[in-house]
Every structure is written in C-alpha cells, then in structure tokens.
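Peer 1: Predicted coordinates and the sequence they were generated for:
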Amino acid sequence: MGILQTVRCRTAESAGKLSKHVIKFGSGMGKSYPGHLFLRLGSLNCVNYLARKLGIGSIIITGTNGKTTSTKIIILLLAKDADITFNYESNTINAIVTGLLTSKVDLGVFEYGIRDIQNGIPDTVSKIVDPVGVVYTNISREHSQVSGRENPFEEYLKAKQLLSTPMKRGVVICNADDPRTTYIGKNKEQDTKVTYYGLDIDLEDKTPLTGDVFCPLCGGNLVYSKRYLNHRGIYECSECGFNRPEPDIKLVNLSLEKEKWSVGLMGEIYNYPTGKNVKIDFQVQVPAFGVHNLYNLLCAVTTYVSFTPQPMNIEKTIIDTCNALDLSILPPGRFEIFSSGDKWIGMGQGDNGDALKANIQFMMSYFGDELEGNTVFIYTTPDEGEDEIFEDHLISLISLNPRMVHVVPGRESVTAAENYYNILKESLTADFYPLSYEDMDKRIDKIQELVNESSYKYIIVSGCGPEEYMWGNLKSRCKSHEKGS
C-alpha cells in the first residue's frame with residue numbers, strides 16, 4: 001500500500017471511529033453509518049487495512065435462515081474466551097466495516113445476508129475482509145426477484161458460494177444435512193479446511209418437501225433415507241453418488257420436554273488458532289425452541305470450537321452459555337409459542353418455504369396429533385413475483401390441513417395476496433382480508449382480532465411481513481393482551 005493510500009485509509013478510519021462515538025447505536029443506520037462514512041472517505045481496498053488489525057481474523061455467517069440466531073450464540077460463546085467485535089441483523093458491507101472500526105481485537109464475527117451477486121458482492125467482500133471463517137447455515141429458495149430482476153435459485157446459490165470461493169486459509173463450516181451447503185464445502189476441500197456439522201437424532205420430518213430438491217452436482221434425484229427438516233437430512237444422489245458427508249460434529253441424544261430440551265454434542269473438529277483437533281462429548285440443556293434452532297445451536301457450537309483461542313474452556317463455556325439461553329436470543333420476528341387462556345398460539349415470521357414449514361414442525365413437536373381438527377392458520381402472503389415462495393407455503397399448509405385459513409397480505413401487493421388466496425381456497429377452507437401495507441396497524445389489529453376471537457384451541461400465525469415492524473409489534477401486542485386478560 002502506497003503512502004497516499006495509507007493516509008487515505010487512516011483518515012477514513014479516524015472519521016469512522018469518531019462517528020461511532022457521536023451516533024447513538026440502535027436499529028437502522030446506527031449499525032452501518034460509520035462503515036458507510038469510512039467507505040466514502042476511503043475505498044474498498046481500505047477495508048483490508050482494517051481487517052489485518054484483527055489478531056485472529058474475521059468470521060462471516062451467511063445462509064437463508066438462522067443467520068441472526070446462529071450469530072448471536074456464536075458471539076455469546078466467543079466473547080467468553082476472546083476480545084471480539086461483531087454485528088448482526090444489519091447485514092451489509094457497511095455494517096461489517098462498522099464492526100471493523102474498533103480497537104485491536106482477536107476476532108470479528110459478522111452476519112452477512114446475500115440475495116444476489118450484484119447487490120451482495122460476495123466475492124468482493126471475501127477478498128477485502130479476507131475471513132478466516134465462512135459459515136453456512138442452510139440454503140433454500142428465497143427472493144425469486146431482487147430489485148425488480150429475476151433471481152433464479154441457481155444464481156442465488158452461486159452468490160452464497162462466492163463468499164468462500166476466494167478463501168485460501170482458515171475454515172469453511174457447512175451444514176452436512178443440507179445438500180447445497182455440502183456442495184459448497186466439497187468444492188472448497190482442496191483449498192482450505194472444511195468442517196461439517198449435522199444431526200444424528202431420532203426425529204424425522206415426514207411431511208412433503210417444499211420445492212424441488214435436486215443434486216447440486218449433476219441435477220439428478222436426491223434420495224433421502226431420513227429428513228430432519230424439509231430438505232435437510234441424510235441423502236444420496238441416485239445418479240452421481242453425491243451424498244451427505246459424515247459430520248465432524250453431531251447433535252445427538254435429543255430429549256424433548258415442554259420447557260427444556262436436552263441434547264448431546266459429540267465430535268472432533270479442527271481448531272484454527274491452535275492448529276489442533278479438539279474432541280467434545282457432553283450434554284447441554286437448551287430452551288424448547290424447535291429443530292430449526294437446534295441447527296442454529298449446532299452451527300454456533302461448531303464455529304466456537306473452530307475459532308476459540310482457549311480450547312481448554314470449551315465444555316464449561318458451552319454448558320454455561322446454553323444454561324443461560326432463553327427465547328430472547330431469537331430475533332423479534334421469529335416464531336414463538338405462547339398461551340392465552342385455554343388457547344395456544346404459535347406466531348412468527350415464515351417468509352420462505354423452509355421457514356414456514358419449520359414453524360409448523362415446531363408447533364407439531366409441542367402438540368402432535370392434538371392439532372388435527374383444532375387448528376386455525378392466519379397466513380400472511382408473499383408479494384408479487386414470489387410465486388415460488390407461495391407454492392412452498394401451500395404444500396405445508398395442505399399437509400397441516402387446518403380447519404380454517406385466514407389470508408392477510410404480508411407484503412405490499414394486495415392484488416398478489418388475493419391471487420394467492422384464490423389458489424389456496426381451492427384446497428383449503430379460507431377467507432381473505434384485503435388490508436393495505438401502508439396502514440400496517442390495521443393489518444395488525446385484524447390479525448390480533450382473529451386470534452382473540454378464534455374458537456379454536458390452536459392458532460398458528462405465520463408467513464411474510466416485515467420482521468420488527470409487523471411481527472415484532474404483533475407478538476408484543478398479543479402477549480400484552482394475554483397478560484391483561
């Protein structure tokens with residue numbers, strides 16, 4: 001780096017750090033403005049100047065679902081053993097740079113959302129941040145249109161893959177149970193260390209797959225001997241033999257109770273700071289928060305064991321952290337189950353097929369066969385051009401077969417919502433409430449009214465909609481009503 005470039009980077013760093021002190025942090029631009037200012041005064045190349053100051057390096061977490069929850073747990077674990085900087089929820093390059101604008105620390109832990117190559121610039125981010133870890137939660141169909149352009153699933157998968165493509169050091173962490181993340185991992189095994197995590201429990205998703213799942217290597221049919229959650233499970237291609245690798249770390253011995261779940265963690269994985277393998281084998285207690293969050297827990301544990309500079313603390317740190325977990329770890333829109341009088345309500349965002357199905361499976365893990373004939377579903381629809389998401393949702397709704405489906409627009413287009421309703425009512429008993437996006441309070445009022453006045457014992461409210469603006473407010477109001485009634 002030349003003298004002028006060094007001066008430019010240092011000037012941008014000073015301005016960015018100063019802005020962190022004068023901006024009150026919270027949701028919105030507070031998490032990204034210092035990074036935005038740094039990039040305006042400096043350049044993308046200056047990001048590497050910041051990244052090189054980390055003692056160990058940066059870890060970037062991406063995927064379709066579970067990024068925020070996984071990142072939060074990773075932060076809780078690593079913060080006990082190392083000095084870290086981090087960001088979550090505000091998942092942009094500006095937010096990553098804001099996290100890098102800090103005093104010298106060991107590790108950066110950054111959530112990064114990627115919808116497409118043009119907006120996400122994943123390979124560029126990887127080159128300038130130069131991460132020592134890229135972590136994949138799962139990859140499922142999402143956002144078939146981005147910024148008015150078609151975003152085919154193949155391009156979406158490619159965008160995720162590009163985040164780890166430039167890596168020549170460190171560890172790529174992949175969900176072995178997801179054929180798409182396994183595909184990414186297999187392509188990186190010659191370049192760098194790849195660690196796989198997965199489930200090994202007596203639990204199976206017997207409901208239909210949402211969306212077509214083909215071999216990512218040859219396009220052939222995947223045959224599943226077991227599915228844990230939608231397309232995640234134990235699989236093998238009938239044509240080329242591509243299959244689920246044996247996980248380096250597994251979640252085993254699941255015991256389900258209403259309030260707490262007991263799970264075992266077992267495996268041997270590579271620890272990057274020491275360059276040695278580490279074995280783990282012990283039980284932990286976690287909140288009863290669904291199979292999808294078990295994946296998030298396992299992802300976080302795998303990342304922690306891979307990057308803690310103090311591997312002698314692993315068992316105690318994981319057990320203590322798990323004992324302290326509660327549902328506040330979940331983002332404001334995520335699915336929760338709570339009671340109101342003699343009703344049980346499952347409520348939260350399900351803005352792609354995989355997420356909504358996970359919500360239904362979570363409800364079924366609580367109540368099982370009791371849901372049959374006793375359930376109403378309040379469904380908030382995708383937007384115009386999101387037909388694939390609706391198709392996935394519809395498969396899950398038909399499989400659940402609720403007594404009634406109340407359809408409410410979830411995103412901006414009321415016309416699209418009505419079109420989805422007209423398709424849905426051919427298979428299920430349903431009604432429709434054409435409430436506008438601009439008056440979100442009326443949508444929330446109507447959904448709350450439908451919950452309060454329902455005669456059914458079990459109510460599921462899920463689908464699309466703004467995470468905090470709609471789902472956070474809706475859950476808060478329904479819980480407040482519950483306490484006040």
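Peer 2: Yep, that arrived. Please read all numbers here as calculations on a predicted model, not as lab measurements.
Peer 1: what about the stretch 1-150 of the chain, any weak spots by pLDDT?
Peer 2: In the predicted model of the stretch 1-150 of the chain, residues 1, 23-31, 90-91, 143-149 satisfy pLDDT under 70.
Peer 1: show me where it has strands.
Peer 2: 57-62, 84-87, 107-111, 133-136, 145-146, 149-150 (DSSP state E, counting those that start in this stretch).
Peer 1: Go through these and name the closest to residue 202.
Peer 2: Counting by Cβ to Cβ, residue 202 lies closest to strand 133-136 out of the strands of the stretch 1-150 of the chain; the figure is 25.4 Å. The C-beta positions use only the backbone N, C-alpha and C, and glycine is treated the same way.
Peer 1: List the strands paired with the closest one, with their directions.
Peer 2: In the sheet, strand 133-136 lines up against strand 57-62 (parallel), strand 171-175 (parallel) (DSSP bridges).
Peer 1: Can you report how many residues neighbour residue 264?
Peer 2: Neighbour count of residue 264, defined by other Cβ atoms under 10 Å: 17.
Peer 1: Can you tell me the element residue 199 falls in?
Peer 2: strand 193-200 (DSSP states H and E).
Peer 1: quick one: that strand to strand 171-175, angle?
Peer 2: 20 degrees (axes from the mean of the first three to the mean of the last three Cα atoms, to 10 degrees).
Peer 1: Against which helices or strands is strand 193-200 packed?
Peer 2: strand 171-175, helix 179-188, strand 249-256, strand 260-271, helix 291-307 (3 or more Cβ pairs under 8 Å, 6 or more residues apart in numbering; DSSP states H and E).
Peer 1: which of the residues in the biggest helix by length in the chain are buried?
Peer 2: Using DSSP state H to assign secondary structure, the helix with the most residues in the chain is helix 3-22. Using 16 or more other Cβ atoms under 10 Å as the test for burial, helix 3-22 gives 8-9, 12-13, 15-16, 19-20.
Peer 1: can you check stretch 262-270 too?
Peer 2: Residues of stretch 262-270 classed as buried: 263-267, 269-270 (neighbour count, 16+ other Cβ under 10 Å).
Peer 1: Can you tell me the SS state at residue 219?
Peer 2: What DSSP: H, G, I helix; E, B strand; the rest coil gives for residue 219 is coil.
Peer 1: hmm, back to that, most packed of the helices and strands packed on strand 193-200?
Peer 2: strand 171-175 (a mean of 28; mean count of other Cβ atoms under 10 Å).
Peer 1: Can you list phi and psi of the nearest residue to residue 177 once chain neighbours are set aside for me?
Peer 2: Leaving aside its sequence neighbours, residue 177 sits nearest to residue 232 (Cβ to Cβ, 6 or more residues apart in numbering; 4.0 Å). When read as degrees, to the nearest 10, the backbone of residue 232 gives phi -90, psi 130.
Peer 1: Surely residue 232 touches residue 180?
Peer 2: No - Residue 232 is beyond contact range of residue 180, at 9.7 Å (criterion: Cβ atoms under 8 Å).
Peer 1: Can you work out which residues contact both of these two?
Peer 2: Here residue 232 and residue 180 share the contacting residues residue 138, scored by Cβ atoms under 8 Å, 6 or more residues apart in numbering.
Peer 1: returning to that earlier point: can you lay out the strands of the stretch 1-150 of the chain as a markdown table showing distance to residue 389 and mean neighbour count?
Peer 2: Listed next are the strands of the stretch 1-150 of the chain as a markdown table, based on distance: least, Cβ to Cβ, whole Å; neighbours: other Cβ atoms under 10 Å:
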| stretch | distance to residue 389 | mean neighbour count |
| --- | --- | --- |
| strand 57-62 | 19 | 25 |
| strand 84-87 | 27 | 22 |
| strand 107-111 | 22 | 27 |
| strand 133-136 | 21 | 30 |
| strand 145-146 | 10 | 18 |
| strand 149-150 | 14 | 10 |
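Peer 1: Would you mind telling me which of the ones you listed is nearest residue 411?
Peer 2: strand 145-146 (11.4 Å).
Peer 1: ok, the nearest residue to residue 370 once chain neighbours are set aside to residue 138 distance?
Peer 2: Once flanking residues are discounted, residue 370 sits nearest to residue 458: 7.2 Å by Cβ to Cβ, 6+ apart. Relative to residue 138, residue 458 is positioned 27 Å away (Cβ to Cβ, to the nearest Å).
Peer 1: ok, now which ones touch the spatially closest residue to residue 136 that is not a sequence neighbour?
Peer 2: Nearest residue to residue 136, sequence neighbours excluded (Cβ to Cβ, 6+ apart): residue 181, at 4.1 Å. Counting by Cβ under 8 Å, 6+ apart, residue 181 touches 63, 136-139, 174-175.
Peer 1: Residue 164 now?
Peer 2: Here residue 164 is in contact with 126, 134, 136, 172, 184, 188 (Cβ under 8 Å, 6+ apart).
Peer 1: And what about it, helix, strand or coil?
Peer 2: Of the three states, residue 164 takes coil under three-state DSSP.
Peer 1: send the alpha carbons of stretch 349-360 over as CSV?
Peer 2: The C-alpha trace of stretch 349-360 is given here as CSV (Å, rounded to 0.1, in the frame of the first residue of the first chain):
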residue,chain,number,x,y,z
GLN,A,349,-42.2,-14.9,10.5
GLY,A,350,-42.0,-17.6,7.9
ASP,A,351,-41.0,-15.7,4.8
ASN,A,352,-39.8,-18.6,2.7
GLY,A,353,-41.0,-22.2,2.3
ASP,A,354,-38.3,-23.7,4.6
ALA,A,355,-39.1,-21.2,7.4
LEU,A,356,-42.9,-21.6,7.4
LYS,A,357,-42.5,-25.4,7.4
ALA,A,358,-40.1,-25.2,10.3
ASN,A,359,-42.7,-23.2,12.2
ILE,A,360,-45.4,-25.8,11.6
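Peer 1: Can you tell me what sits against that stretch?
Peer 2: 64-65, 138, 140-142, 207, 210-211, 229-231, 290-292, 333-335, 346, 348, 382, 388-389, 391-393, 395-396, 399-400, 410, 460, 462-465, 467, 471.
Peer 1: So which of those residues are in strands?
Peer 2: Using DSSP state E to define strands, the subset of these located there is 229, 346, 348, 460, 462-463.
Peer 1: Tell me which of the helices and strands packed on strand 193-200 lies nearest to residue 370.
Peer 2: Minimum separation from residue 370 across the helices and strands packed on strand 193-200 (Cβ to Cβ) falls at strand 249-256, 14.9 Å.
Peer 1: same for the closest one, what does it pack against?
Peer 2: strand 193-200, strand 260-271, helix 291-307.
Peer 1: Please list the residues outside the second one that contact it.
Peer 2: This points to strand 260-271. Here strand 260-271 has contacts from 171, 193, 195, 197, 201, 247-255, 276-289, 294, 297-298, 301-302, 305-308, 311, 318, using Cβ under 8 Å, 6+ apart.
Peer 1: for the stretch 351-485 of the chain, what spans make up the strands?
Peer 2: For the stretch 351-485 of the chain, strands defined by DSSP E, counting those that start in this stretch occupy the ranges 375-381, 404-409, 430-432, 458-463.
Peer 1: circling back to that earlier point, any idea how far the longest helix of the chain is from the chain center?
Peer 2: 33 Å (Cα atoms, centre = their mean, to the nearest Å).
Peer 1: circling back: for the strands of the stretch 1-150 of the chain, which one sits closest to residue 437?
Peer 2: Short answer: strand 145-146, nearest of the strands of the stretch 1-150 of the chain by Cβ to Cβ, at 16.6 Å.
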